[in-house]
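In: Compute the structure for the input listed below.
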Amino acid sequence: MQVLPPLVSNDDIRRFERNTPIESLGLPDSTLELIQNSAETHPDATALRFLMQGSADEDGVSYSYPEFLQRVLQTANGLNALGVDQTNVVSFMLPNLPQTHFTLWGGEAAGVVNPVNQLLEADHIAHVLCAANTRVLVALAPFPGTDTWEKVEQIKPMVPSLETVLYVDLCRYLPAERAAEIRRQLPLPQHDWARDFDTWMDQQPGDRLLSGRVIARGDIASLFHTGGTTGVPKLAPHTHYNEVANARMLQCLLRFDADDVVLGGLPLFHVNAAVVTGVLPLLTGSEILLASAQGYRSPVLIEQFWRVVERHRVSFFSAVPAIYAALLQVPFGDSDTSSLKAALCGGAPLPTEVHRNFEALTGAPLLEGYGLTESTCGATANLPLAERLTGSIGFSLPYAESRVVKLDGNGAYLRDCEPDEAGTLVLRGPHIFSGYSDPAKNGDIWVDGDWFNTGDLARQDADGRFWLTGRSKDLIIRGGHNIDPGMIEEALNRHPAVAMAAAVGKPCPRVGELPVAYVSLRRDSKVSEAELIDFCMGEISERAAIPKNIWVLDELPLTGVGKIFKPSLRHDAIRRVFEHELGQQLAPAQFRVSVEACDRHGTRACVKIADGDDAVSAEIERRLGRYAVHCEILNGPQSDA
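Out: The predicted structure is shown next:
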């Protein structure tokens with residue numbers, strides 16, 4: 001690989017980019033070649049370590065790079081033996097296990113891999129598998145506390161293309177006595193269409209691809225589904241070149257090397273986990289630390305996180321704001337986190353207080369970034385050595401192009417925006433996919449030729465930093481997961497007392513946003529908030545989408561053409577949350593909260609306090625700083641509170 005110059009500023013990156021075209025970086029043609037290169041270059045290095053419990057006391061199960069490559073080749077050959085070729089799709093429903101990595105990269109070497117969120121409802125998963133035309137599925141065998149195999153048995157008859165299911169037995173990582181007890185209670189599947197993953201792969205050679213396939217850069221490597229946890233999914237194809245190039249682009253900023261340990265806590269069905277803590281460390285010969293099958297969902301990992309960082313000398317991890325907020329509640333003690341070089345945050349806005357406190361606690365830069373499934377993963381990020389302004393998603397990655405543009409009412413390009421002028425964020429580069437697998441979904445995704453329309457609203461300041469100012473994709477982002485408000489609205493509209501419903505997100509310091517709803521009622525109808533929430537619990541299958549509050553208004557705000565004006569409802573939700581926070585400390589007469597649209601920040605909350613001293617203002621700033629909403633505090637009699 002081309003040696004990177006010292007990273008000091010964004011200008012250094014752009015100078016390197018101008019002088020060194022991406023074609024001259026010596027990129028491998030595929031993710032398999034990438035792993036083969038690292039196995040040859042770093043034969044003694046650890047590629048993957050798995051901690052079953054996520055505890056600091058575990059040594060875990062480890063694979064050197066040659067061992068990792070062998071298992072990837074065995075997986076590819078095992079899938080080929082089941083009839084998978086480069087046109088066939090292998091889906092998986094797995095937590096974060098070594099077998100998940102083997103399936104990812106072995107699946108890409110044999111055919112096309114399709115990571116699926118196993119937490120989705122069975123009919124939703126079936127929809128994804130049918131859209132992908134899945135031939136082989138790899139899924140978790142029956143195991144206490146999981147329902148994945150129950151979903152598999154529901155799904156199998158719903159997916160005509162599905163021929164074989166390979167099950168992964170998590171008991172192999174448990175003591176023999178405990179494993180035997182579990183298998184007495186939950187026997188392994190006996191269907192003629194089901195096979196044990198590890199037993200099947202153990203029979204395959206691991207020194208070469210038996211198919212003799214020569215993987216081209218433009219071959220489809222993966223199909224990642226997008227559209228949120230409750231929306232209709234769209235499949236985004238990634239080529240091998242998309243994945244390898246995006247990893248190299250990220251490497252220009254993060255600078256991993258063979259001594260680095262990259263903790264993977266996000267689920268491997270998500271592009272962030274697969275690329276930032278998957279392809280990238282495999283490119284650089286770094287160690288991937290899978291800290292429990294549940295990742296950040298594991299209470300053990302969260303409780304022992306700082307000790308895990310110390311014990312395994314973790315140098316990098318990536319997470320959503322909710323995880324960083326949770327980690328700040330964990331006792332730090334005398335943990336040595338000097339190995340930590342940086343952490344990456346995306347998926348939702350990062351609260352100022354969380355950003356400030358994390359960096360003060362660890363001494364490591366917390367880098368906000370931005371990406372989408374359609375951009376393979378990363379598109380923009382802050383620089384480790386540059387000033388980090390909370391709320392900014394940073395600069396375009398090397399070899400990536402990003403613009404903010406004005407579109408007309410039909411979504412057509414009008415002009416580029418001026419500095420600090422809000423518009424639509426569009427992207428172009430080797431990381432951008434070529435369109436959804438269903439051509440019908442590609443009608444309005446390209447702008448001004450080959451620029452991808454993200455649907456997100458942003459501005460770019462005079463220094464080149466990008467700032468998100470809103471979402472035109474009307475989603476609620478809870479802990480980095482997307483919730484389609486349409487599902488909530490459709491459920492409420494089925495209630496006999498509801499005339500009109502609208503769902504939005506309210507700010508939450510723990511998970512970023514929580515779903516809430518507003519309704520107006522039919523004439524002469526009465527219903528309580530509790531009754532409406534109970535109704536939603538029976539109508540909405542996704543637990544995460546059940547609204548936390550449902551507020552009844554005489555009328556919902558409408559636009560001039562009669563559409564519900566959701567920005568007004570989002571502002572109202574922010575006001576209600578902030579008033580609740582301030583009410584913990586002040587009497588209602590002592591403060592006033594107003595929320596309005598703001599071109600610079602997207603949304604601005606203004607808190608006016610009557611006759612508050614500096615200590616009161618500091619406490620209010622601390623409380624409200626936990627939320628990812630720009631807030632201005634005015635103090636004193638002149639505030640007219």
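In: In contact with H238, which residues?
Out: H238 is in contact with 220-224, 376, 433, counting by CB atoms under 8 Å, 6 or more residues apart in numbering. No exception for glycine: its C-beta is placed from N, CA and C like everyone else's.
In: which of these tops the neighbour count?
Out: Most neighbours among those, by other CB atoms under 10 Å: T376, with 32 neighbours.
In: where are the low-confidence patches of the stretch 101-250 of the chain?
Out: Regions of the stretch 101-250 of the chain meeting the criterion pLDDT under 70 cover residues 227-232.
In: Helices of that one, start to end?
Out: For the stretch 101-250 of the chain, applying DSSP state H, counting those that start in this stretch gives helices covering 122-132, 148-155, 176-185, 197-202, 240-254.
In: quick one: which of those is nearest N453?
Out: helix 240-254 (17.9 Å; CB to CB).
In: Quick one: list the elements packing against the closest one.
Out: Judged by 3 or more CB pairs under 8 Å, 6 or more residues apart in numbering; DSSP states H and E, the packing partners of helix 240-254 are helix 10-19, helix 31-41, strand 220-226, helix 280-284, strand 378-381.
In: returning to what we had before: now for the helices of the stretch 101-250 of the chain, which one comes closest to T380?
Out: With CB to CB as the criterion, T380 lies closest to helix 240-254 of the helices of the stretch 101-250 of the chain, at 10.1 Å.
In: can you pull the alpha-carbon coordinates of the closest one into CSV?
Out: Only the C-alpha atoms of helix 240-254 are listed here, as CSV (Å, rounded to 0.1, in the frame of the first residue of the first chain):
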residue,chain,number,x,y,z
HIS,A,240,-15.9,-5.4,-4.0
TYR,A,241,-14.3,-2.1,-5.2
ASN,A,242,-16.9,-0.1,-3.2
GLU,A,243,-15.9,-1.9,0.0
VAL,A,244,-12.1,-2.0,-0.5
ALA,A,245,-12.0,1.6,-1.7
ASN,A,246,-14.1,2.9,1.2
ALA,A,247,-11.9,1.1,3.7
ARG,A,248,-8.8,2.7,2.1
MET,A,249,-10.5,6.1,2.2
LEU,A,250,-11.2,5.7,6.0
GLN,A,251,-7.6,4.5,6.5
CYS,A,252,-6.4,7.9,5.2
LEU,A,253,-8.0,9.4,8.4
LEU,A,254,-7.8,6.6,11.0
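In: Following element in sequence after that helix, please.
Out: Using DSSP states H and E, the helix or strand that follows helix 240-254 in sequence is strand 261-264.
In: Just the buried residues of that following strand, please?
Out: Across strand 261-264, burial judged by 16 or more other CB atoms under 10 Å covers 261-264.
In: Likewise for stretch 82-93?
Out: For stretch 82-93, by 16+ other CB under 10 Å, it's 82, 84, 86, 88-93.
In: where exactly do the helices run in the stretch 501-641 of the chain?
Out: 529-539, 566-583, 614-624.
In: highest average neighbour count across those?
Out: Of the helices of the stretch 501-641 of the chain, the one with the most neighbours on average (mean count of other CB atoms under 10 Å) is helix 566-583, at a mean of 19.
In: rewinding a little: among the helices of the stretch 101-250 of the chain, which comes closest to V314?
Out: Closest to V314 of those, according to CB to CB: helix 240-254, at 13.6 Å.
In: How far does the closest one sit from its chain's centre?
Out: Relative to its parent chain, helix 240-254 has a centroid offset of 17 Å by CA atoms, centre = their mean, to the nearest Å.
In: just to revisit the earlier point, now render the contacts of H238 as CSV, adding distance to S525.
Out: Output for the contacts of H238, formatted as CSV (distance: CB to CB, whole Å):
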residue, distance to S525
I220, 52
A221, 53
S222, 49
L223, 46
F224, 43
T376, 49
F433, 47
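In: care to break the protein down by domain?
Out: Using automatic domain parsing, the domain ranges for the chain come out as 10-399, 400-472, 476-564, 587-639.
In: for those, which one ends up most surrounded?
Out: domain 10-399 (a mean of 20).
In: Just the terminal-to-terminal distance for that domain.
Out: 12 Å (CA to CA, to the nearest Å).
In: ok now that domain, how far from the chain's centre?
Out: Offset of domain 10-399 from its chain centre (CA atoms, centre = their mean): 11 Å.
In: Ok, stretch 525-537 next?
Out: Averaged C-alpha coordinates place stretch 525-537 at 32 Å from its chain's average position (CA atoms, centre = their mean).
In: And for that stretch, what's in contact with it?
Out: If you take CB under 8 Å, 6+ apart as the criterion, stretch 525-537 is touched by 488, 491-492, 495-499, 517, 519, 521, 546-547, 549-552.
In: Could you pull out the helices in the stretch 351-500 of the chain for me?
Out: For the stretch 351-500 of the chain, helices defined by DSSP H, counting those that start in this stretch occupy the ranges 352-362, 485-493.
In: So which of those is nearest K406?
Out: Nearest of the helices of the stretch 351-500 of the chain (CB to CB): helix 485-493, 26.0 Å.
In: thinking again about what came up before, P157: which of the contacts of H238 is nearest?
Out: Proximity of those to P157 (CB to CB) peaks at L223, which lies at 22.1 Å.
In: and V516, bridged to which residues?
Out: Taking DSSP bridges as the rule, V516 bridges to V504, N549.
In: I546 is in contact with that one, correct?
Out: No. In this structure, V516 is not within contact of I546 by CB atoms under 8 Å, at 10.5 Å.
In: in the stretch 501-641 of the chain, which segments are predicted with low confidence?
Out: Along the stretch 501-641 of the chain, segments meeting pLDDT under 70 span 559-563, 599, 612, 636-641.
In: now do 50
Out: 561, 638-641 (pLDDT under 50).
In: Sketch out the strands for the stretch 401-550 of the chain, chain order is fine.
Out: 401-407, 413-416, 423-428, 446-447, 451-460, 466-471, 476-478, 481-483, 498-508, 512-521, 549-552 (DSSP state E, counting those that start in this stretch).
In: Surely A221 is in contact with H240?
Out: Yes. Using CB under 8 Å, A221 is in contact with H240, at 4.6 Å.
In: Find residues that contact each of the two.
Out: 30-31, 108.
In: With distance to D147 as added columns, please give those in JSON lines.
Out: Below are those laid out as JSON lines (distance: CB to CB, whole Å):
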{"residue": "S30", "distance to D147": "35"}
{"residue": "T31", "distance to D147": "31"}
{"residue": "E108", "distance to D147": "28"}
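In: which among the residues you listed gets closest to C598?
Out: Among the shared contacts of A221 and H240, and counting by CB to CB, the member closest to C598 is T31, at 42.4 Å.
In: pLDDT value on the residue lying closest to V426 once chain neighbours are set aside, please?
Out: Leaving aside its sequence neighbours, V426 sits nearest to W451 (CB to CB, 6 or more residues apart in numbering; 4.0 Å). Reported pLDDT at W451 in the predicted model: 97.
In: what do you get for A293?
Out: With respect to pLDDT, A293 scores 96.
In: what's the distance between it and Q118?
Out: To Q118, A293 is 11 Å away according to CB to CB, to the nearest Å.
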